[in-house]
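# Give me a 3D structure for the following:
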Amino acid sequence: MDTRSLTTPHTGPKDKMPNLDGIRALACLFVIISHMPWPTYIGLIGSVGVGVFFVLSGFLMGYLYARSDCDSNAVVKYGIARFSRIAPIYWLVISVCILLTQFAPGDFPLAIEGSTAIARHYLFSGNVNIFWSIPLEVQYYVFFLFVWWCIANRNRLAYAMPLGIFVCALLILTHNHWPNLSVPNKLHYFLAGTVAGLLPRWQWEGTRNRIALNLLQLTALAVIFSPMVLIDNTAALYDSVEMSIAFAMAIYLLSIDSRWTSLLFANKPMRKIGQASFSIYLMHMLVFYYGAHWLGLSHKEYASLWIPLGIAGVLLPMIASHYVEMPLQRMSRKLLERLPDKVNRALPQAT
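As a prediction, the model looks like this:
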């Protein structure tokens, strides 16, 4: 492997990687499909979708930040970006669910009641239904600061990289002994993605390389679907370090543009779904629950009306993403970016 990607920063313009939107959309659709009843068993499709989301998060952390300097300004910008991306829409949906819990029947799937459960969810440590994955994402955002610091200081401090590798290896070796809602339990998924995000992307030109890339990408797509055939249960999938590495390599390969991957992943509908995937993930269960009640559908029995309801579970959160999530994200980012200046103006100036 060419080690330049780990030893020198890539200072050229960042590849926008439009395929990643489509890969995110695919993972999102896997989760949606898993929460609908079907006439036949569909395997671990939802768990695969969540695993891909975990790897994608790590991949973007590695690609966007790990090669840059880890100074206070960079960390503040990173924190603002991550907080604005997750917190506003998540807190809004949590608040709606808490309110609905007071009036919904006992079968409401997103019921959050009691002060402890409410506090845990607002503090990114809840586990009701789909919300269980959010604590892991947020915890990795924090843990990544350690990974980033180790990489950024590898040339200045001799112990930085050995320390980082040792800590990560120790956590991965002991991941089965950590609670399910702690990031060490699934660190291998996030970390494999981060390492994949550091791999070189500018060496795939030339006829031979492009032919090899296309063949590898076909294999990569098969790898993403493979757990539905090869693995028996969700616990085995999430415990598999090998599968996390396979997913990370698959996402790295599929993130590189080629003619067929661009057609599959970078088309406009897939990109739109991918860009709204967080809102879709958070809101589709609400659409399914109330839509099923309105249409008289059972959550345990397949009916043809589940198909349009599944489409609504994608489209309605996409509208919410455009008109609610994105404005909240922009507003929160602007407010947080102005906060240091306001604090500085409020503090007494030294004379």
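
# Ile118 contacts Leu99, doesn't it?
No: contact criterion Cβ atoms under 8 Å: Ile118 and Leu99 do not qualify, at 11.0 Å. (C-beta placed from N, C-alpha, C; glycine too.)

# Low-confidence regions, the stretch 51-200 of the chain specifically.
Low-confidence regions of the stretch 51-200 of the chain, defined here as pLDDT under 70, do not occur.

# 90 - rerun?
The stretch 51-200 of the chain contains residues with pLDDT under 90 at 103-107, 200.

# still on that earlier bit, who has more neighbours out of Ile118 and Leu99?
Between Ile118 and Leu99, counting by other Cβ atoms under 10 Å, Ile118 is the more crowded of the two (17 against 11).

# Check the gap between that one and Ala320 for me.
22 Å (Cβ to Cβ, to the nearest Å).

# Just give the closest residue to Val75, not the sequence neighbours.
Take Val75 and drop its neighbours on the chain: the residue closest to it by Cβ to Cβ, 6 or more residues apart in numbering is Leu145, 6.6 Å away.

# scratch that, Ser279 is what I was asking about
The spatially closest residue to Ser279, leaving aside those adjacent along the chain, is Ser321, at 3.7 Å (Cβ to Cβ, 6+ apart).

# Hmm, Gly274 and that neighbour touching each other?
No: here Ser321 does not reach Gly274: they are 10.7 Å apart, not a contact under Cβ under 8 Å.

# So which residues make contact with stretch 268-281?
With Cβ atoms under 8 Å, 6 or more residues apart in numbering as the test, stretch 268-281 has contacts from 18, 20-29, 31-32, 53, 85-86, 89, 130, 264, 313-314, 317-318, 320-322, 324-325.

# distance of Gln217 from Ile251?
To Ile251, Gln217 is 11 Å away according to Cβ to Cβ.

# Tell me which of those two has more neighbours.
Higher neighbour count among Gln217 and Ile251: Ile251, with 27 against 20, using other Cβ under 10 Å.

# Could you pull up phi and psi at that one?
Backbone torsions of Ile251, given as degrees, to the nearest 10, read phi -70, psi -40.

# In this structure it contacts Phe53, no?
No: in this structure, Ile251 is not within contact of Phe53 by Cβ under 8 Å, at 10.5 Å.

# Now Tyr141. Nearest residue, chain neighbours left out?
Here the residue nearest Tyr141, using Cβ to Cβ, 6+ apart, is Arg82, at 4.8 Å.

# Leaving out chain neighbours, which residue sits closest to Ile80?
Per Cβ to Cβ, 6+ apart, closest to Ile80 is Leu336, 4.5 Å.

# With Phe225 instead?
Nearest residue to Phe225 in three dimensions, chain neighbours excluded: Val48, at 7.6 Å (Cβ to Cβ, 6+ apart).

# if I look at that neighbour, how far off is Asn180?
Separation of Val48 from Asn180 (Cβ to Cβ): 17 Å.

# And Gly43, what's its pLDDT?
Looking at Gly43, its pLDDT stands at 84.

# And the spatially closest residue to it that is not a sequence neighbour, which helix or strand is it part of?
Nearest non-adjacent residue to Gly43, counting by Cβ to Cβ, 6+ apart: Met228, 3.6 Å away. Element membership of Met228 [criterion: DSSP states H and E] is helix 227-230.

# got a list of contacts for that helix?
42-45, 47-48, 51, 237, 243.

# Which is the succeeding secondary structure element to it?
By DSSP H and E, the next helix or strand past helix 227-230 is helix 234-239.

# Would you mind listing the buried residues in that following helix?
Neighbour counts over helix 234-239 (16 or more other Cβ atoms under 10 Å) mark 237-239 as buried.

# What is the neighbour count of the residue nearest to Ser279?
Neighbours of Ser321 under the rule other Cβ under 10 Å: 23.

# Which parts of the stretch 151-300 of the chain are helices?
Per DSSP state H, counting those that start in this stretch, the stretch 151-300 of the chain carries helices over the ranges 160-173, 187-197, 207-225, 227-230, 234-239, 241-254, 259-265, 268-275, 277-295.
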